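>>> Got a sequence here, can you build the structure:
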Amino acid sequence: MKIVVIGGTGLIGSKTVAILRQGGNEVVAASPNNGINSITGEGLEEAMAGTQVVIDLANSPSFEDKAVLEFFETAGRNVLAVEASAGVRHHVALSIVGTDRTPENGYFRAKVAQEKLIVASGISFTIIRSTQFMEFLGGIADAGTQGNVVRLSPGMFQPIASDDVAAAVAGVALSAPRNGIVEIAGPERAPFNEIVARYLKAAGDSREVVRDPEARYFGGLVDEQSLVPLGDARIGRTSLDQWLAQAKKG
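All right, here's what the predicted structure looks like:
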C-alpha cells in the first residue's frame, strides 16, 4: 500500500513512517525539506500519485491565533483537493481530545476548522483525537511559569507517549475509514498540576507547581472534562512513570 505522511519527519510522523515501512508499505515522508509543501502545494500531486492513504500530521510553525488558523485551513484545503483528484481512499488526521470544548484556545479553534474541512471534503476519513503528548510536559510547564512558580489548573489530564500515538495512527491508517472520530489517551488520569509536578521532580527541576483553577492552558480555562476523553478511548501502553524512566535514560 502507498501511504503519504504529511509532516512525516516530525515527532509523530517519523515514528509513524518507521512503523508503516516495517510493515512493508510504500511510505512517502512528506515535508517542505524534501520538496512537498502543504501550504504552497509544491510536490503534492507527484507525491500522491497512486496513493491509497494520506496521513496528515502537519503542524503550524506559529501558535499565534491568526497564523495557526490560516495554516490549518490552507494546508487542509490544498491536501484534500489533491487527494480528491488522485482518488485517495482514506484521509487520516491527528487532532486533539477536547478541541471543540475549549473555544478560547486559538490552536484548538484551528483544529476544529481543520476537522470541518475534512468532514466536508467527501473523502473517506478517520480523525484521531489525542490527549497531550508526554513529550510536551516541559513546554507546558514553561508556558505556565512565572518566576520559579508554575501555575496550572487541577483539571483532569491524561497524557500519552508519542510512541503510542504513532502506533495508533499507523493502525488506523491500515484499517477501514471510520468516517468519524477515534480518541486515544494515556493510561493514567490525574490533575494537570500533579502530572506536571511529577515530571519536574523526575527531571530534577526545582520549580514549584501551584494548583490554580484560574490558570489558562494556552488561552483556555481547563476543567474536569476539558482535556480528557468523555467516552470510549484507545489507551496507550506507556505509563507516565515508564516514560519518565525512559526519558532519564535518554
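
>>> use CA for all of it now, contacts and neighbours both
Fine.

>>> Can you tell me, leaving aside adjacent residues, what's nearest to Gly186?
If the residues on either side of it in the chain are set aside, Gly186 comes closest to Ile160, at 4.0 Å by Cα to Cα, 6 or more residues apart in numbering.

>>> What pLDDT does the model give the one you found?
Note for Ile160: predicted pLDDT of 98.

>>> For it, what are phi and psi?
phi -130, psi 140 (degrees, to the nearest 10).

>>> Pretty sure it sits against Thr131.
Yes. Ile160 is in contact with Thr131 according to Cα atoms under 8 Å; the separation is 6.4 Å.

>>> Mind checking which of the two has more residues around it?
Ile160 (27 against 24; other Cα atoms under 10 Å).

>>> other SSEs contacting the lengthiest helix in the chain?
Looking only at the chain and at elements set by DSSP state H, the helix with the highest residue count is helix 65-86. The helices and strands touching helix 65-86, judged by 3 or more Cα pairs under 8 Å, 6 or more residues apart in numbering; DSSP states H and E, are helix 44-48, helix 106-120.

>>> Give the burial count for the closest residue to Asp100 other than its chain neighbours, as a bare number.
With Cα to Cα, 6+ apart as the criterion, Asp100 has its nearest non-adjacent residue at 6.3 Å, and that residue is Val112. Val112 has 22 neighbouring residues, counting by other Cα under 10 Å.

>>> In contact with Ser226, which residues?
98, 101-102, 155-156 (Cα atoms under 8 Å, 6 or more residues apart in numbering).

>>> For these, give me TSV that also has secondary structure, distance to Ala166 and neighbour count.
Shown next, in TSV, are the contacts of Ser226 (DSSP: H, G, I helix; E, B strand; the rest coil; distance: Cα to Cα, whole Å; neighbours: other Cα atoms under 10 Å):
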residue	secondary structure	distance to Ala166	neighbour count
Gly98	coil	19	20
Arg101	coil	24	16
Thr102	coil	25	19
Gly155	coil	26	21
Met156	strand	23	20
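
>>> which element is Val27 on?
strand 26-30 (DSSP states H and E).

>>> I meant to write Ile184 there.
Short version, using DSSP H and E: Ile184 is in strand 180-185.

>>> Going by neighbour count, which residues in that strand are buried?
181-185 (16 or more other Cα atoms under 10 Å).

>>> Let me see the ranges of the strands in the protein.
2-6, 26-30, 53-56, 90-96, 125-130, 145-146, 149-152, 156-157, 180-185, 190-191, 208-211, 216-217, 220-221, 234-235 (DSSP state E).

>>> helices or strands up against the fourth one?
The criterion is 3+ Cα pairs under 8 Å, 6+ apart, and the helices and strands that strand 90-96 contacts are strand 53-56, helix 106-120, strand 125-130, helix 162-173.

>>> The worst-scoring helix or strand of the chain on mean pLDDT pairs with which strands, parallel or anti?
The weakest-scoring helix or strand in the chain, judged by mean pLDDT, DSSP states H and E, is strand 220-221 (a mean of 84). Strand 220-221 pairs in its sheet with strand 216-217 (antiparallel), by DSSP bridges.

>>> Give me the contact list for the partner strand.
105, 144, 152-153, 222.

>>> go with 7 Å
Val222 (Cα atoms under 7 Å, 6 or more residues apart in numbering).

>>> just to revisit the earlier point, need the contact list for the residue nearest to Gly186.
Ile160 touches 131-134, 185-186, 236, counting by Cα under 7 Å, 6+ apart.

>>> Then His91?
Contacts of His91 (Cα under 7 Å, 6+ apart): 53-55, 123-126.

>>> Could you check how far it is from Gln22?
21 Å (Cα to Cα, to the nearest Å).

>>> before we move on, back to that, possible to save the strands of the chain as CSV with distance to Ala202?
Listed next are the strands of the chain as CSV, based on distance: least, Cα to Cα, whole Å:
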stretch, distance to Ala202
strand 2-6, 34
strand 26-30, 34
strand 53-56, 33
strand 90-96, 26
strand 125-130, 24
strand 145-146, 17
strand 149-152, 15
strand 156-157, 18
strand 180-185, 21
strand 190-191, 17
strand 208-211, 13
strand 216-217, 22
strand 220-221, 27
strand 234-235, 23
